[in-house]
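Trainee: Could you look at this predicted model? Sequence included:
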Amino acid sequence: MKEEKIVNPKTDGKINVEVKSPEKGIERVVGTMKSKTDRELFTEGRLRVKYEKKDADKVGNKIVAEFNQRKNDEKAELEKICAEKKCVVMKGKNKSKVATERIIEEGALMGVEVSVEDARMVKKEIRLQGKIVTNGQAVHYFKTMEQRVGAQKKGLIIILVIWIIKAKCPMPVAAMAYQIKAKALAAAQTADTLGYFIVPFPGLALMITHVGDLLTAIEAFEDPALIGTMVDVEAAVALVKISVDALIAYVNTKTIVNQTLAPSIIENAGMEQVKEKAKNTKDDFSVRHGEGTGNIVLTSLAGKFNNKRVSTTYYWQYGLMTPTGMQWYDLPDTINQCSTIATGMSTTQSVSFRKSTFTKKGGRSAWSPPIAISPA
């Protein structure tokens, strides 16, 4: 018997399946099937995607579990072998240990011996500084530093703590608002209510003159009866800006040497405070005692040209005082190695050291100022 599927368009979306028998000429409907709506198809597709994702997650989780299990088995096997052989398993360094080593290394470059306990104290101070938000908090921090860490360690903290408080002074864009704020800055210097600016800002008189000229230029531009242009206003603003920039630099000379009072100095200058990393805190050249008698470690900053590191040759010398003056002797040069160890140095008299560098673009530098070190 031959079967043939026939779709009847008059069955309201239903599909009739009929069987025809050529021999007997009998037609019989053996079943009906309703077509799915768009919503049903969408739901079916969504569920298919959902379960496919579940299956994929199961496979992924199984792979991760197997990997972790294999890793744990290897670790257990290694510990078992080490226990049998009585050896130690070396563990990777965490962030805290890396930070501790970095602080110790930076201290060594500055000629300061930093213990692990000192490094921990420095890390704590850095965390405390990171929480400073207001002027009052900054003043309290510096006032209580000696009480927290001890007078003998205060110098170490000042060397290694990398955040310093400086002044900034965002200025408005509009010319009139710029003039008003600049005038307020000049007035704060003139009043000097707390006596921070007893040695006055050298450019104060010129700044006051430029602020007055700016107001004149603005009035001339806004008054139809006067001949004033925007070019005149912009030129006057440029002159005031020079004075404002110089004033910010002047205020920062006060804050950098007195970080304890820096927030108060900045506030009384009519400016805002900002914390930034101190730059170039490392000495260009330093010396320190190394391990063993007569060994001196010499360290230079890495050679740069236009603030970019370049291949550098380092020249080192040590000097001894003679009846005729300082006599200098060469130490082995180093290439792309900014430190070296001078061995066999005198243990009975002071020895001086100096360094020079050579780069292809920058050429040979002059000898650095000599640094003397006493016998250990």
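Mentor: Arrived safely, thanks for sending. Numbering: from 1, shown residues only.

Trainee: all helices of the stretch 1-150 of the chain, in order?
Mentor: Taking DSSP state H, counting those that start in this stretch as the test, the helices found in the stretch 1-150 of the chain are 38-85, 95-109, 116-130, 135-143, 145-149.

Trainee: Summarise which helices and strands the last one is packed against.
Mentor: Think helix 145-149. For helix 145-149, the packing partners by 3 or more CB pairs under 8 Å, 6 or more residues apart in numbering; DSSP states H and E come out as helix 116-130, helix 154-160. From N, CA and C alone the C-beta is placed, and that goes for glycine too.

Trainee: Now it: buried residues?
Mentor: Going by neighbour count (16 or more other CB atoms under 10 Å), the buried part of helix 145-149 is 145, 149.

Trainee: got a list of what Ser374 touches?
Mentor: Neighbouring residues of Ser374 by CB atoms under 8 Å, 6 or more residues apart in numbering: Ser350.

Trainee: What separation do you get for it and Gly319?
Mentor: Distance of Ser374 to Gly319, computed by CB to CB, to the nearest Å: 14 Å.

Trainee: same question, Ala269
Mentor: As for Ala269, its distance to Gly319 is 46 Å (criterion: CB to CB).

Trainee: out of the two, which sits in the busier spot?
Mentor: Comparing Ala269 with Gly319 by other CB atoms under 10 Å, the one with more neighbours is Ala269, at 24 against 17.

Trainee: Determine the three-state secondary structure at the closest residue to that one other than its chain neighbours.
Mentor: Excluding its sequence neighbours, the residue lying closest to Ala269 (CB to CB, 6 or more residues apart in numbering) is Val251, at 4.8 Å. Following DSSP: H, G, I helix; E, B strand; the rest coil, we place Val251 in the helix state.

Trainee: from here on, count from 552
Mentor: With the count now opening at 552, the last piece we talked about shows up as Val802.

Trainee: Can you report how many residues neighbour Val802?
Mentor: 27.

Trainee: Pull the contacting residues for it.
Mentor: The contact partners of Val802, taken as CB under 8 Å, 6+ apart, are 718, 816-817, 820, 822.

Trainee: on that earlier part again, hey, least reliable of the helices of the stretch 552-701 of the chain by pLDDT?
Mentor: Among the helices of the stretch 552-701 of the chain, helix 686-694 carries the lowest mean pLDDT, a mean of 66.

Trainee: which stretches of the stretch 802-927 of the chain form strands?
Mentor: Counting by DSSP state E, counting those that start in this stretch, the stretch 802-927 of the chain has strands at residues 823-828, 836-840, 847-851, 855-856, 859-860, 864-873, 876-886, 890-893, 902-910, 914-915, 922-924.

Trainee: can you redo those as CSV with mean pLDDT?
Mentor: Shown next, in CSV, are these (pLDDT from 0 to 100):
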stretch, mean pLDDT
strand 823-828, 77
strand 836-840, 88
strand 847-851, 92
strand 855-856, 84
strand 859-860, 84
strand 864-873, 92
strand 876-886, 91
strand 890-893, 93
strand 902-910, 92
strand 914-915, 88
strand 922-924, 84
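
Trainee: Including distance to Ala607, could these go into TSV?
Mentor: What follows is the strands of the stretch 802-927 of the chain, written out as TSV (distance: least, CB to CB, whole Å):
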stretch	distance to Ala607
strand 823-828	46
strand 836-840	58
strand 847-851	55
strand 855-856	52
strand 859-860	47
strand 864-873	58
strand 876-886	55
strand 890-893	54
strand 902-910	56
strand 914-915	63
strand 922-924	65
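
Trainee: Ok, which of the ones you listed comes nearest Asp606?
Mentor: Nearest to Asp606 among these is strand 823-828; the distance by CB to CB comes to 51.0 Å.

Trainee: Mind checking what secondary structure Ile715 has?
Mentor: strand.

Trainee: Burial check on it, number of neighbours?
Mentor: Residues near Ile715, counting by other CB under 10 Å, number 19.

Trainee: Give me the pLDDT for it.
Mentor: Value listed for Ile715 in the pLDDT field: 73.

Trainee: what sits opposite it in the beta ladder?
Mentor: Assessed by DSSP bridges, Ile715 has beta-bridge partners Glu827.

Trainee: Then the one 4 residues further on?
Mentor: Beta-bridge partners for Lys719, by DSSP bridges, are Glu823.

Trainee: Could I get the contacting residues of it?
Mentor: Residues near Lys719 by CB under 8 Å, 6+ apart: 799, 822-825.

Trainee: before we move on, what about Val667?
Mentor: Val667 sits next to 651, 655 when contact means CB under 8 Å, 6+ apart.
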